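**Q** Quick one, fold the following:
(chains A and B)
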Number of protein chains: 2
Amino acid sequence: MHDRGKPPRPGEIVLDRVPGTGDGPRIAFIGRIRTPWGPGDAPRNLRQARERGKPARILLEPDYAPGLLGLEVGQAIVVFYWMDRARRDLIRQNPRHTDGVRGTFALRSPVRPNPVSLATVRITGLDAAAGEIEIDAIDCFDDTPLVDIKPWMSTIDVPPGADL
Amino acid sequence: MHDRGKPPRPGEIVLDRVPGTGDGPRIAFIGRIRTPWGPGDAPRNLRQARERGKPARILLEPDYAPGLLGLEVGQAIVVFYWMDRARRDLIRQNPRHTDGVRGTFALRSPVRPNPVSLATVRITGLDAAAGEIEIDAIDCFDDTPLVDIKPWMSTIDVPPGADL
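**A** Numbers count the residues shown, from 1 in each chain, chains lettered A, B, ... in the order given. All right, here's what the predicted structure looks like:
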């Protein structure tokens, strides 16, 4: 991962001020995501994670478990998680796997002003009372902090005219 | 919107501690979303907003404008915004438009521990140097704080086996 102070690659732009050091609202971590992945062996994205065929588990903090009422096995959800190891101050990036420099908002990189990542996954197991969800796959490191879960809805989450 | 202190409806559960009052990381607001909507006339969701046929604009803070490099008119993006008027401490809700009580994570309600909402939209105009994007529609109130923009990708953002 990038650290503040590491020199930028050619074409990269570093912000003067590190985002999140001001007076914005605070994120509450509502649980953790348990995965088979760590630095060095993590899949590069959700599609790669799915190809490896390993499920993952979401563990909610006990206070938040009542929030699962109404979710069902087989349903698709959007999982929001906080990339707590990612640098927040690069606004243009020169990733090794793409052609040249791109703006942070044109990339899915974890490096961004607010490092919230998304995974659209399926519920494969559910113990709502215990605050546990099993999902088909996810690409984040083990123990990544959980930020939100929403039901995925095709009427909202697929853009008009999508080429599928 | 719900306020802390307003009595819960039947079946609703209020958390003992208000999320976001601990020591979690801070969100940086990176811009604002200008829309035609305010309290009283806002569409109920993105589909309704789209039916009204009114575009909206995203205005980035100047420091963040270089992050738009690589985005293009016609492209689909996921816009993340902060529902700054929404109560954060309801973990079960009894909304008027649904059948009975549901967990917050089974709803798309802005009322949630971390009130980050998503809109999957199309870029209809772009002035990257000025940090301005025109989008086809969005359902949030005028002047809603912007949190992130990501390129939408069907290989990541559509769940396996989706019935479309």
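**Q** Spatially nearest residue to A:Q75 (excluding sequence neighbours)?
**A** Sequence neighbours aside, A:I123 is the residue nearest to A:Q75 in space, at 5.1 Å (criterion: Cβ to Cβ, 6 or more residues apart in numbering or on different chains). In this view, the C-beta of every residue, glycine as well, is placed from N, C-alpha and C.
**Q** Looks to me like that neighbour is in a strand.
**A** Yes. According to DSSP: H, G, I helix; E, B strand; the rest coil, A:I123 belongs to a strand.
**Q** from memory it sits against A:L71, does it?
**A** Yes. Using Cβ atoms under 8 Å, A:I123 is in contact with A:L71, at 6.3 Å.
**Q** which residues do those two both contact?
**A** A:I77, A:I133 (Cβ atoms under 8 Å, 6 or more residues apart in numbering or on different chains).
**Q** which residues does the residue nearest the centre of chain A bridge with?
**A** With distances taken as Cα atoms, centre = their mean, the residue of chain A nearest its centroid is A:S117 (2.6 Å). With DSSP bridges as the criterion, A:S117 is bridged to A:Y81.
**Q** Tell me if I'm right that it and A:P145 touch.
**A** No. Judged on Cβ under 8 Å, A:S117 makes no contact with A:P145 at a distance of 10.8 Å.
**Q** Overlap in contacts, those two.
**A** Counting by Cβ under 8 Å, 6+ apart, the contacts common to A:S117 and A:P145 are A:Y81, A:W82.
**Q** list the contacts for the residue nearest to A:Q75?
**A** A:I123 sits in contact with A:L71, A:E72, A:V73, A:G74, A:Q75, A:A76, A:I77, A:I133, A:E134, A:I135, where contact means Cβ under 8 Å, 6+ apart.
**Q** PyMOL command to pick out the buried ones of those?
**A** Here is the PyMOL selection string for the buried members of the contacts of A:I123, based on 16 or more other Cβ atoms under 10 Å in any protein chain shown:
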select buried, chain A and resi 71+76+77+133+134+135
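**Q** Just the closest of the contacts of A:I123 to B:R52, please.
**A** A:A76 (27.0 Å; Cβ to Cβ).
**Q** Any figure for the gap between that closest one and A:V121?
**A** 7 Å (Cβ to Cβ, to the nearest Å).
**Q** which neighbours do the two share?
**A** Going by Cβ under 8 Å, 6+ apart, residues that sit against A:A76 and also against A:V121 are B:P159.
**Q** Is any residue of the longest helix along chain A near chain B?
**A** Using DSSP state H to define each element, chain A has its longest helix at helix A:46-51. Yes. Residues of helix A:46-51 contacting chain B under Cβ under 8 Å from any Cβ of the partner chain: A:L46, A:R47, A:R50.
**Q** With stretch A:133-145 instead?
**A** Yes. If you take Cβ under 8 Å from any Cβ as the test, stretch A:133-145 does meet chain B, through A:D136.
**Q** quick one: low-confidence parts of chain A?
**A** A:1-5 (pLDDT under 70).
**Q** where along it do the strands fall?
**A** Taking DSSP state E as the test, the strands found in chain A are A:13-14, A:31-34, A:56-60, A:76-82, A:90-93, A:102-103, A:116-127, A:132-135, A:144-151.
**Q** My guess is A:T21 contacts B:R26. True?
**A** Yes. Under the criterion of Cβ under 8 Å, A:T21 makes contact with B:R26 at 7.4 Å.
**Q** Those two - which one has more neighbours?
**A** B:R26 (16 against 11; other Cβ atoms under 10 Å in any protein chain shown).
**Q** Contacts only, for the more buried one.
**A** Contacts of B:R26 (Cβ under 8 Å, 6+ apart): A:G20, A:T21, A:G22, A:D23, A:G24, A:P25, A:R26, A:I27.
**Q** same check, this time on A:I27
**A** A:W82, A:V147, B:G20, B:G24, B:P25, B:R26, B:I27, B:N114.
**Q** Pipe the strands of chain A into JSON lines and attach distance to B:R34 per row.
**A** Listed next are the strands of chain A as JSON lines, based on distance: least, Cβ to Cβ, whole Å:
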{"stretch": "strand A:13-14", "distance to B:R34": "25"}
{"stretch": "strand A:31-34", "distance to B:R34": "35"}
{"stretch": "strand A:56-60", "distance to B:R34": "35"}
{"stretch": "strand A:76-82", "distance to B:R34": "25"}
{"stretch": "strand A:90-93", "distance to B:R34": "22"}
{"stretch": "strand A:102-103", "distance to B:R34": "21"}
{"stretch": "strand A:116-127", "distance to B:R34": "22"}
{"stretch": "strand A:132-135", "distance to B:R34": "36"}
{"stretch": "strand A:144-151", "distance to B:R34": "24"}
